[in-house]
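Chemist: quick one, what's the 3D model for this:
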Amino acid sequence: MLHALSRFRRRRTLQGGAAAVVVLGLLLWWVLPLGDEQPTGSLTFSTGVRSGVYQRYGQRLEGALAKDMPKVSIRLQNSEGSQQNIERVATGKADFTIATVDAVATYLQSGKPGGERLRGCVRLYDDYVQLVVPRGSDIRQVSDLRGKRVGVGQKGSGVLLVADRLMTAAGVDPSQDITPVEAGIDTMPQRLVDGELDAFFWSGGLPTGAVEELSQRLDIRLVPLESPLISRLQAAGGSTRHYRSAVIPADAYDHAQRGEAVQTVAVANLLITTDRTDPRMTEAFTRTVIDSRDRIGREVHAAQLVDLRTAIYTDPLELHEGARRYYRSSKP
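Modeler: Now for the predicted structure:
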């Protein structure tokens, strides 16, 4: 009987030891970042025009990504804006980017290369269209742009897309009735100061630093984009359904607005990639965008508006599998 009891105790001891090993293994798996769970390799993030919101956001996001994905080499690439960003990602020249949803929808409808491979990760913040003029200008509405020198954004920008559509909706032919100047937010403010432009369009998060700085050097105002114009814009159908009426808050640009809100057009931005991107990379990228919102938002105000409750809505793009994994894991 003593021999049997001894065997029983040895068996219990062995079982207990095995259980301890299993528990220790599970604890190590949970605590330590195992290699195959972290993304590796490199990625290119196409941003935007120097001094624009895309570029400023991308610079600050780069630091957060480097911390969260230490095994990934990250490269930022400036661009002309949404249209060029989408083309780069769709054709494999970049891995991630930010673009306005109207530009994404336009790319898909045009049947351009790689459109079917585009995927959404995060619905970010809204861009607000800003038509900027000197305060003493006789431009009071978009139709007053006839005969004027107008900054319309760079060739590959989302600004150019919406500016052309707004002018067309107002009965202004952007190729005949104005002198279009294809320039970005990095040069348009100075051109307005120098008298080389009578007005310029910009579409970006609020406040845009370049517009704020301009308002402190030159007495400017924002031209309202009234509801009837927006209705005509939306009536064109297709990707114009993504535009909505919005208001630039009275305190967005203190010097330019003098306490008055300005009616305008808004359109959402999306973080996009393609189905070629490793789901682990996309999941980690999406997590960083959400987790770094408040930290980046202290320097780039638009980043504060990223909302987990709406981030998942990336219409017209299908959600990337890696982003879907993140949203599933983030449910309470």
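Chemist: which parts of the stretch 1-150 of the chain are helices?
Modeler: 2-31, 53-68, 82-90, 101-110 (DSSP state H, counting those that start in this stretch).
Chemist: where does the stretch 201-332 of the chain have low pLDDT?
Modeler: Judged by pLDDT under 70, the stretch 201-332 of the chain has its weakly predicted residues at 332.
Chemist: which residue ranges of it form strands?
Modeler: 220-222, 244-248, 262-274 (DSSP state E, counting those that start in this stretch).
Chemist: now the angle from the longest one to helix 101-110?
Modeler: Pointing back at strand 262-274 there. Here the directions of strand 262-274 and helix 101-110 differ by 50 degrees (axes from the mean of the first three to the mean of the last three C-alpha atoms, to 10 degrees).
Chemist: circling back to that earlier point, of the strands of the stretch 201-332 of the chain, which is nearest residue 46?
Modeler: strand 262-274 (9.9 Å; C-beta to C-beta). Using the backbone N, CA and C atoms, a C-beta is placed for each residue, glycine as well.
Chemist: each with direction, which strands does the closest one pair with?
Modeler: strand 96-100 (antiparallel), strand 118-134 (antiparallel), strand 244-248 (antiparallel) (DSSP bridges).
Chemist: send me that strand as CSV with only the CA atoms.
Modeler: The C-alpha trace of strand 262-274 is given here as CSV (Å, rounded to 0.1, in the frame of the first residue of the first chain):
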residue,chain,number,x,y,z
VAL,A,262,-18.7,80.1,-42.5
GLN,A,263,-20.8,77.6,-44.5
THR,A,264,-18.9,75.2,-46.7
VAL,A,265,-18.5,71.7,-48.0
ALA,A,266,-16.9,68.8,-46.1
VAL,A,267,-15.6,65.4,-47.2
ALA,A,268,-14.2,62.5,-45.2
ASN,A,269,-10.6,61.2,-45.3
LEU,A,270,-9.7,57.6,-45.4
LEU,A,271,-6.6,55.7,-44.5
ILE,A,272,-6.2,53.2,-47.3
THR,A,273,-4.0,50.4,-48.4
THR,A,274,-4.4,47.3,-50.7
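Chemist: how about the residue nearest in space to the middle of the chain, what does it touch?
Modeler: Note on the chain: the residue nearest the mean C-alpha position is residue 98, at 3.8 Å, using C-alpha atoms, centre = their mean. Residue 98 makes contact with 47, 48, 54, 57, 58, 82, 85, 124, 269, 270, 271, 272, according to C-beta atoms under 8 Å, 6 or more residues apart in numbering.
Chemist: for the residue lying closest to residue 282 once chain neighbours are set aside, list the residues it contacts.
Modeler: Nearest residue to residue 282, sequence neighbours excluded (C-beta to C-beta, 6 or more residues apart in numbering): residue 322, at 2.8 Å. Residues in contact with residue 322 (C-beta under 8 Å, 6+ apart) are 121, 277, 278, 279, 280, 281, 282, 283, 284, 285, 286.
Chemist: does the fifth one touch residue 43 like I think?
Modeler: No - using C-beta atoms under 8 Å, residue 280 is not in contact with residue 43; the gap is 11.7 Å.
Chemist: ok, these two, which is more surrounded?
Modeler: For the pair residue 280 and residue 43, the greater number of neighbours falls to residue 43 (20 against 17), based on other C-beta atoms under 10 Å.
Chemist: quick check: chain neighbours aside, which residue is closest to the more buried one?
Modeler: residue 95 (4.3 Å).
Chemist: look up how far residue 253 lies from that neighbour.
Modeler: Using C-beta to C-beta, to the nearest Å, one obtains 34 Å as the distance from residue 95 to residue 253.
Chemist: and residue 117, by the same measure?
Modeler: According to C-beta to C-beta, residue 117 stands 39 Å off from residue 253.
Chemist: repeat for residue 318
Modeler: Taking C-beta to C-beta as the measure, residue 318 and residue 253 are separated by 37 Å.
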